[in-house]
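Student: Below are the sequence and a predicted model for it; my questions follow.
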Amino acid sequence: MTLIIIEDLVKIYSAGNTRVQALRGFNLQIEESEFVSIMGPSGSGKTTLLNIIGGIESPTAGTIKIQGVDITHFIEKERDRFRLESVGYVFQSLNLISSLSVRENIELPMVAANMDSKTCHSRTEELLELFGIEKRGNHLPDQLSGGEKQRVAIAMALANDPWLILADEPTGELDTENAEVIVSYLRKCVDELEKIVVMVTHDATMARYADRICFISDGRVKSIYKSNEYKEEDMNSYVFHLKKRIMEIDSSMRKLETQFLDKAIDNSRYLEEYRRITTIKNVLDDELHRMGH
């Protein structure tokens, strides 16, 4: 059964005179109990997509139907309820509160949902055991390893028993061994708990844990593969796209410099665009470096 239908999704951000189109007619369908990995260069719209699916942001245009309901027209109160009851988030930054114990961090979403204390305690102990961190319940986040912190983050995401888990670069700060443990837990959420998991990642190895891998570029779906159909040449194509994007950015930089020398733009506009373009290029360069290019 198809539970998420995304059609012609557009998202435009405006900052002063600058307009950035993060999504440009994005289309995707996600099935019940499916694990989908989202890959693409930085700035391609991956995190924006997660934020819209999760009701954190609203699109500029297009629709997203979740369990048959179009959430794009939700008022703020409806979005808050949807996030609290239906969505669990796992961020690279983890969002753990350093002054609270592991147990207290896991309890937070349940407290926000006004769950009674007995049920809250029972659910917390269940999650601690599920993720093998029952002996860490009274520890503070700073007393945990990176992998243990991520397990706590996934436990928090599952606290209110949502049917949808959104993970934004959950293994970005982990070594390969811990990364595989975390993604295997996300896989377990699908196989054993029948959740939908949508994970943004730069790591092709981790992406293969999913049922499907969706490559996006410039805010659109570029290609979708079943994980068992994914081949190394697909990653080579991805690398080629990154290099092509960097070449386009270099061209934009030359054009910007010409405009400035010709006095077509003033100094403040030049500096604003220069910083923006340089930031994007640095991120893409770092991504190629991580991939060994």
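Tutor: Great, that's in hand.
Student: Could you list the low-confidence segments of the stretch 101-250 of the chain?
Tutor: 230-241 (pLDDT under 70).
Student: mind listing the strands for it?
Tutor: 164-168, 196-200, 212-217, 220-226 (DSSP state E, counting those that start in this stretch).
Student: chain center to the third one, what's the gap?
Tutor: This means strand 212-217. Centre-to-centre, strand 212-217 and its host chain are 13 Å apart (Cα atoms, centre = their mean, to the nearest Å).
Student: Direction-wise, compare it with strand 220-226 and give the angle.
Tutor: Between strand 212-217 and strand 220-226, the angle comes out at 160 degrees (axes from the mean of the first three to the mean of the last three Cα atoms, to 10 degrees).
Student: Show me which residues of strand 212-217 are buried.
Tutor: Within strand 212-217, the residues scored as buried using 16 or more other Cβ atoms under 10 Å are Arg212, Ile213, Cys214, Phe215, Ile216, Ser217. For glycine as for every other residue, the C-beta is placed from the backbone atoms N, C-alpha and C.
Student: Please apply the same query to the longest one.
Tutor: Within strand 220-226, the residues scored as buried using 16+ other Cβ under 10 Å are Arg220, Val221, Tyr225.
Student: And Gln143, how far from Leu28?
Tutor: 40 Å (Cβ to Cβ, to the nearest Å).
Student: repeat for Arg275
Tutor: Counting by Cβ to Cβ - Arg275 and Leu28 are separated by 32 Å.
Student: So for those two, which sits in the more crowded spot?
Tutor: Each of Arg275 and Leu28 has its neighbours counted (other Cβ atoms under 10 Å); Leu28 has more, 20 against 10.
Student: Please report the distance of Asp142 from Leu242.
Tutor: On the measure of Cβ to Cβ, Asp142 and Leu242 end up 35 Å apart.
Student: Compare these two and say which one has the larger neighbour count.
Tutor: The residue with more neighbours, out of Asp142 and Leu242, is Leu242; 20 against 9, by other Cβ under 10 Å.
Student: quick one: the more buried one and Leu288 touch, right?
Tutor: Yes - contact between Leu242 and Leu288 holds when scored by Cβ atoms under 8 Å: they sit 5.5 Å apart.
Student: picking up where we left off before, with distance to Glu125 added, can I get the strands of the stretch 101-250 of the chain in a markdown table?
Tutor: Listed next are the strands of the stretch 101-250 of the chain as a markdown table, based on distance: least, Cβ to Cβ, whole Å:
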| stretch | distance to Glu125 |
| --- | --- |
| strand 164-168 | 21 |
| strand 196-200 | 23 |
| strand 212-217 | 34 |
| strand 220-226 | 37 |
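Student: out of the ones you listed, nearest to Lys281?
Tutor: strand 212-217 (16.2 Å; Cβ to Cβ).
Student: List the contacts of that closest one.
Tutor: With Cβ atoms under 8 Å, 6 or more residues apart in numbering as the test, strand 212-217 has contacts from 26, 28, 34-41, 44-46, 49, 207, 221-227, 230, 234, 238, 241.
Student: number of nearby residues for Arg81?
Tutor: Arg81: 13 neighbours (other Cβ under 10 Å).
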